[in-house]
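Dropping the sequence and predicted coords here.
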Amino acid sequence: MIKLYYYLVLVNAVVSAGAGAAVLWKSRYQGAGRYLGFGVLAFALWLVAYAQYYLPLTPATAMMWAKITLTVSFLNQPMILHGIFAHVEKVRKLRWWLVLFYVVAGLLVAAVWGGQLVTGLRTPVYMNHYISYNPVYYPFLGVFYLGSIVLGLGVLWQGVRQAIGYRRTQLVYFMVAWGVVIATTYFVVVPIEYGFNTPPVGFFVLPINMAFLAYVLSKARLADYNVVVARVLLYATTLLVVVGASLLLIGGVLWIVPDFLDQRQVVFTVVLVLLIGLALTISLPRLLPRMERLMQERMFSKRYGYQDALAGLVQEISHLANLDELFQRAATTVHSQMQLSRVIILTQDTLSGHYRLQAESGLPGEETTEGLSLREGSAVIRWLQEHPDMLVRDEVRRTETPAIATAVTEELDRLKVEVCVPMRVDDLLVGLVCLGAKANDEMFFVSDLRVLETLATEVGLAVKYRRMEEQIFRKNKLIELGTIAAGVAHEIRNPLASIRTFAQLLPTQMDDPEFKLEFSKLVLKDVDRITKVVESMLAFARPAQVTIGECTAVELVDEAVLLVQARLKSKRIELTKEVHEEPSVRVDRQQILQVLVNILSNAVDALPELGKIRVATGIRALAPEQTGNGADRYAVIEVADNGPGISAGVRNRIFDPFFTTKKEGTGLGLSISQKIARDHGGIITVSSVEGKGTTFQVSLPVAV
């Protein structure tokens, strides 16, 4: 059994050595990290020497290892204190305390190797040998060890009270971790000094403590201690429930069978543990995350409230109308929910490459926004381009060289921010969300940064898709412009040819009255046609004056029918009305009447005499992608005829500018009508069956 303890202590030594190496490497740019790293390595050496107590050695060898153990232990105390003072940046202020402890440690080491402190060896129950101290030194040893512990914890506590952000959280974790390590090791050593024969159970948990200490000292991004507390409480509660259930079951069996103390009890206990373990294996992966989340929400509702709000913003981003609204909504929500000093969003200017202010929230009124930008080659931008992660001020200080850390910190100071979350699109940095300090001086925890990273990713994707939409829109505009140009050229080419012919013949036919009369009529007719084309094109291309008012769909139908009544009578067309519902709409009355009159006129033109037209009103729902509008309910005005219908090839082009099947038509009527409907947040759709008729539906958002 003693040999087992020997290997156990060596395992602790290996873990401690790894922890010390990790601290030295991760904190190599900080003096505090170096002092604490060497202190942890010295502790590993102490464990190696302490393990020799569990081996059968000759008295001389055992005494040598004992002296090494004490030497490392004495020197380790001021080294740890030095690291703590450096960590809270108080080495200069507390330098005389360090001098005192280094001097006392040196005197004690001299007493060890001079033979005054150690008087011999003894054999405890759980060791092969141990040392005996000179009782005269007991008070000095007690003051030395207890004084270093009290002073170290006191300085740490004062540092916790004065620190903010990451440093406060790290000091809290370090104080807890160091306190547990002290309690663990002293629980092993102190009982032996006073003759209590207790097994060294502290070494079973010490590796966990050392790993946690290494995590605290070397990790640049720490977990939220509130989450840790909630998780520990949850698992402790789960353990109590399991143990309680097991004890109840075993107690019930003992109550039924009082002499249940033989091998059957052992078998029963093993089976019970296996069953409970199987149940936990099946249930805990599903239950614990939910229970942990529930406990965190109950204990830390404020924090999880703003994280839920940010997660909700991520879901809303795709529905925001434009990029300006998206950026401002993101800045305002993050600023208000997380209680930050400020939030600024910078996006890359496509011409200069610099990152300029796009949106802000929390800036004082007297502060100008002129300096809130970053050049393309600035330290912050270079760091974000070279690292896949977000930039956190406290982490840069610990992980980068002093030169890089200083350059980055200066730019963060100019912007007065603590965190820069990159917005990346196809591995390119298109912008960044910069966050000021929290109002409660807490650090940005891992859970905060994950939500912010998701938000920045979604904003970046929104930028990408909005730009793609703008490119598609511009391309469509160019295509539309080309179509319009071709249509205009086609429509005015023939009239211009007639005018040109007249102009060429005019000198030779000046005295011919019949020629002048005939061609004068032709020129006027052609000029009127060109004027009509130009006016129609302008109506299609530029917005008209809009006067919005509320009216019902039935009122619009009645007025439109009245305007085409003469044409209906001339062809003896029967028109019927169906009012399924009477929705109200907020529209420009004259523009919508223009749409309805145009559709009714097209129906009249398509019908032979004695044809039939049906006009109906109602309400229906449309998918957002059909209209690009966020409305849920639409007023529908349906115009159906029993004419010859529209062929599929023609039906796909009827809304194209300048496409027409009429000899005298310009092909802009339905194009203008569709534009008017879309300007009102609606749409015109058409369905037709050749030989059976055509149905047009004008859908407009219902007035709220």
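Noted; the coordinates are in hand. Residues are numbered from 1 along each chain as shown.

Would you check how far apart the nearest residue to residue 65 once chain neighbours are set aside and residue 112 are?
Nearest residue to residue 65, sequence neighbours excluded (C-beta to C-beta, 6 or more residues apart in numbering): residue 52, at 3.9 Å. All C-beta spots, glycine's among them, are computed from the backbone N, C-alpha and C. Separation of residue 52 from residue 112 (C-beta to C-beta, to the nearest Å): 15 Å.

residues contacting residue 437?
Contacts for residue 437 (C-beta atoms under 8 Å, 6 or more residues apart in numbering) come out as 164-165, 340-341, 418.

ok, 10 Å please
Residues in contact with residue 437 (C-beta atoms under 10 Å, 6 or more residues apart in numbering) are 164-165, 339-342, 393, 416-419, 443-444.

possible to save these as CSV with secondary structure and neighbour count?
As requested, those are exported to CSV (DSSP: H, G, I helix; E, B strand; the rest coil; neighbours: other C-beta atoms under 10 Å):
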residue, secondary structure, neighbour count
164, coil, 14
165, helix, 17
339, coil, 14
340, strand, 21
341, coil, 16
342, coil, 21
393, helix, 19
416, coil, 16
417, coil, 24
418, coil, 22
419, strand, 24
443, coil, 25
444, coil, 26
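
Pick out the most distant pair among these.
Using C-beta to C-beta, the two most remote members of the contacts of residue 437 are 339 and 393, lying 17.9 Å apart.

Now tell me what touches stretch 145-157 from outside.
73-74, 76-78, 80-81, 83-85, 87-88, 90, 93-94, 97-98, 100-101, 104-105, 171-172, 174-176, 178-179, 182-183, 186, 189-190.

Repeat that for stretch 100-114.
By C-beta under 10 Å, 6+ apart, stretch 100-114 touches 66-82, 116-118, 131, 134, 137, 140-141, 143-144, 147-148, 151-152.

That one - what's its average pLDDT?
Stretch 100-114 comes out with an average pLDDT of 91.

Now do that stretch: distance to the chain's middle.
55 Å (C-alpha atoms, centre = their mean, to the nearest Å).

and the residue nearest in space to the middle of the chain, which of the three is it?
Against the mean C-alpha coordinate of the chain, by C-alpha atoms, centre = their mean, the closest residue is residue 454 at 2.2 Å. For residue 454, the assignment made with DSSP: H, G, I helix; E, B strand; the rest coil gives helix.

One more: residue 132?
When classified by three-state DSSP, residue 132 comes out as strand.

how about the helix or strand where residue 19 lies: buried residues?
Following DSSP states H and E, one finds residue 19 within helix 2-26. Judged by neighbour count (16 or more other C-beta atoms under 10 Å), helix 2-26 contains these buried residues: 5-6, 8-13, 15-24, 26.

and that helix, what does it pack onto?
helix 31-51, helix 165-193, helix 202-218 (3 or more C-beta pairs under 10 Å, 6 or more residues apart in numbering; DSSP states H and E).

Show the pLDDT at residue 97.
pLDDT, read off for residue 97, is 91.

In terms of helices and strands, where is the most far-flung residue of the chain relative to its centre?
Farthest-out residue of the chain from its mean C-alpha position, per C-alpha atoms, centre = their mean: residue 511, at 84.2 Å. Residue 511 belongs to no helix or strand when assigned by DSSP H and E.

now residue 688
strand 683-689.

ok, that strand: who's next to it in the sheet?
strand 693-701 (antiparallel) (DSSP bridges).

hang on, residue 636 is in a strand, isn't it?
Yes: according to three-state DSSP, residue 636 belongs to a strand.

My understanding was that it contacts residue 620; is that so?
Yes: applying C-beta atoms under 10 Å, one finds residue 636 in contact with residue 620, separated by 5.3 Å.

For residue 124, give its distance to residue 145.
For residue 124, the distance to residue 145 - C-beta to C-beta - is 20 Å.

repeat for residue 607
From residue 607 over to residue 145 (counting by C-beta to C-beta), the distance is 107 Å.

Looking at the two, which is more packed in?
Remark: of residue 607 and residue 145, residue 607 carries more neighbours, 21 against 17, as counted by other C-beta atoms under 10 Å.

Which pLDDT value does the model give the more buried one?
89.

Could I get the contacting residues of it?
Residue 607 neighbours (C-beta under 10 Å, 6+ apart): 568, 571, 573-574, 613, 641-644, 693-694.

Repeat the analysis, applying 7 Å as the threshold.
By C-beta atoms under 7 Å, 6 or more residues apart in numbering, the residues touching residue 607 are 571, 573, 641, 643.

from the residues you listed, which ones fall inside strands?
residue 641 (DSSP state E).

Tell me the one among the contacts of residue 607 nearest to residue 381.
residue 641 (63.2 Å).

Which strand or helix spans the nearest residue to that closest one once chain neighbours are set aside?
Nearest residue to residue 641 in three dimensions, chain neighbours excluded: residue 603, at 4.3 Å (C-beta to C-beta, 6+ apart). In the assignment (DSSP H and E), residue 603 maps to helix 589-606.

what's the average pLDDT for the next helix or strand after that helix?
Reading on from helix 589-606 to the C-terminus, the next helix or strand found by DSSP H and E is strand 612-620. Strand 612-620 comes out with an average pLDDT of 90.

So which bits of strand 612-620 are buried?
613-618.

Stretch 495-512 now?
495, 498-499, 502.

Make CSV out of those residues and add pLDDT.
Formatted as CSV, these follow (pLDDT from 0 to 100):
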residue, pLDDT
495, 74
498, 73
499, 74
502, 73
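
Among the residues you listed, which lie within strands?
Going by DSSP E, the strands hold none of the buried residues of stretch 495-512.

Between which two of the residues you listed is the distance greatest?
495 and 502 (10.8 Å).

and the gap between residue 373 and residue 526?
For residue 373, the distance to residue 526 - C-beta to C-beta - is 58 Å.

How about residue 4?
110 Å.

can you check residue 147 too?
In terms of C-beta to C-beta, residue 147 sits 109 Å off from residue 526.

Also residue 109?
Distance from residue 109 to residue 526, by C-beta to C-beta: 114 Å.

Beta-bridge partners for residue 434, please?
In beta-bridge terms (that is, DSSP bridges), residue 434 pairs with residue 344, residue 420.

Does it touch residue 342 like I think?
No: here residue 434 does not reach residue 342: they are 8.0 Å apart, not a contact under C-beta atoms under 7 Å.

Determine the residues that are contacts of both of the two.
residue 417.

what about the stretch 601-704 of the chain, any weak spots by pLDDT?
Residue ranges of the stretch 601-704 of the chain with pLDDT under 70: 623-632, 657-659, 663-668, 704.

try 50
Scanning the stretch 601-704 of the chain with the threshold set as pLDDT under 50 gives no residue ranges.

Can you tell me who the nearest residue to residue 583 once chain neighbours are set aside pairs with across the strands?
Nearest residue to residue 583, sequence neighbours excluded (C-beta to C-beta, 6+ apart): residue 635, at 3.6 Å. In this entry, residue 635 is beta-bridged to residue 619, residue 700, by DSSP bridges.

Fine by me, we can end here.
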